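>>> Sharing a model prediction with you, sequence too.
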Amino acid sequence: MISDSVVFLLRTFRGIISPFRRKTSDSQLTQDSSQNTQGNTTDMASNFTPPSPKPELLVLDVDWTLWPFHTDMDVSPPFKKDSSGEVRDSRGKAIQPFPDVPRILDWLKGNGYTLALASRTWAPSDMERLLILLDWNKYFSYKEIYKGTKTKHFSKFKQNSGVPYNKMLFFDDEDINIHEIGNIGVMCIFVTNGLNWNLLQKGLEKYAKERS
């Protein structure tokens, strides 16, 4: 398949293209951690009342929004869980989300939000495998995971869910996606260092204020 060849090339030449794309460094990981709220997730989850109205569909990007890597470049299948329950790739690299994400997903599902995933990855089968190993499929009612424009993903969401664009909320880390999806009427929130509690709260409050 063409996509398999592309993924192979992306991973093979990872070292060549790395200067031109986002790369996780020790300093960036420190910066990301400082902007997350991992130490206060319990308090924030219990003290934050979901604002109204809620988005009828809350859509999340995956790479660099839920976890700090590109599935089609930065990790190597096959993936498996080790004896401690940690998900690792074939090189032994631990597959870990941004710190606040697991609790955020629990909170959103527990508070009645309908969730969807949208990813333009070249490696959809690898991403699907990671979602299974992390036990995340239970959170999402809709998934569109394949290479292409995000407008195609959202057209499918609208068709399958019946939710109009102006009742959707979208979190993504790429300017081009924010621009394209914003133009079709979806409220978009730009993610800079992974999804965290502060950003989620601001996004939900912005939606409630502007869609009331």
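Great, that's in hand.
>>> Least confident secondary structure element in this protein?
Every helix and strand of the chain was ranked by mean pLDDT, DSSP states H and E. The lowest is helix 26-35, at a mean of 36.
>>> is it true that S52 lies in a strand?
No - counting by DSSP: H, G, I helix; E, B strand; the rest coil, S52 is located in no strand; its state is coil.
>>> Just give me the neighbour total for it.
Neighbours of S52 under the rule other C-beta atoms under 10 Å: 10. (Each C-beta comes from the backbone N, C-alpha and C, glycine too.)
>>> Hmm, K209 and it touching each other?
No - applying C-beta atoms under 8 Å, one finds S52 not in contact with K209, separated by 10.5 Å.
>>> Low-confidence stretches in this protein?
Within the chain, the segments meeting pLDDT under 70 span 1-43.
>>> Looking at it, which helix is longest?
Counting by DSSP state H, the longest helix found in the chain is helix 197-210.
>>> Report all helices and strands that that helix contacts.
Secondary-structure packing of helix 197-210 (3 or more C-beta pairs under 8 Å, 6 or more residues apart in numbering; DSSP states H and E): helix 41-47, helix 101-110, strand 168-172, strand 187-190.
>>> What spatial separation is found between the residue nearest to the spatial centre of the chain and E86?
In the chain, the C-alpha nearest the mean C-alpha coordinate belongs to V62, at 2.7 Å (C-alpha atoms, centre = their mean). Counting by C-beta to C-beta, to the nearest Å, the gap from V62 to E86 is 19 Å.
>>> For I178, which three-state class applies?
Following three-state DSSP, I178 is assigned to helix.
>>> What about the nearest residue to it once chain neighbours are set aside, how many residues nearby?
Distances taken as C-beta to C-beta, 6 or more residues apart in numbering place C188 nearest to I178, at 4.5 Å, with adjacent residues excluded. Neighbour count of C188, defined by other C-beta under 10 Å: 21.
>>> F170 is in contact with C188, correct?
Yes - contact criterion C-beta under 8 Å: C188 and F170 qualify, at 4.8 Å.
>>> what's the overlap in contacts for those two?
Residues touching both C188 and F170 (C-beta atoms under 8 Å, 6 or more residues apart in numbering) are N177, I178, I181.
>>> Near the first one, how many other residues are there?
If I follow you right, that is N177. 22.
>>> The second one now?
Applying the criterion other C-beta under 10 Å, we find 20 residues in the vicinity of I178.
>>> Any figure for the gap between it and K93?
Note on I178: its distance to K93, by C-beta to C-beta, is 29 Å.
>>> Return the residues in contact with M127.
Contacts of M127 (C-beta under 8 Å, 6+ apart): V62, T71, S119, T121, I145.
>>> and with 10 Å instead?
V62, D63, W67, T71, D72, V75, L117, S119, T121, K143, I145, Y146 (C-beta atoms under 10 Å, 6 or more residues apart in numbering).
>>> Can you tell me the element it falls in?
Applying DSSP states H and E as the criterion places M127 in helix 124-133.
>>> buried ones in that helix?
Across helix 124-133, burial judged by 16 or more other C-beta atoms under 10 Å covers P124, D126, M127, E128, R129, L130, L131, L133.
>>> Now distance to K158 too, for those residues, in JSON lines please.
As requested, the buried residues of helix 124-133 are exported to JSON lines (distance: C-beta to C-beta, whole Å):
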{"residue": "P124", "distance to K158": "20"}
{"residue": "D126", "distance to K158": "27"}
{"residue": "M127", "distance to K158": "22"}
{"residue": "E128", "distance to K158": "22"}
{"residue": "R129", "distance to K158": "27"}
{"residue": "L130", "distance to K158": "26"}
{"residue": "L131", "distance to K158": "22"}
{"residue": "L133", "distance to K158": "30"}
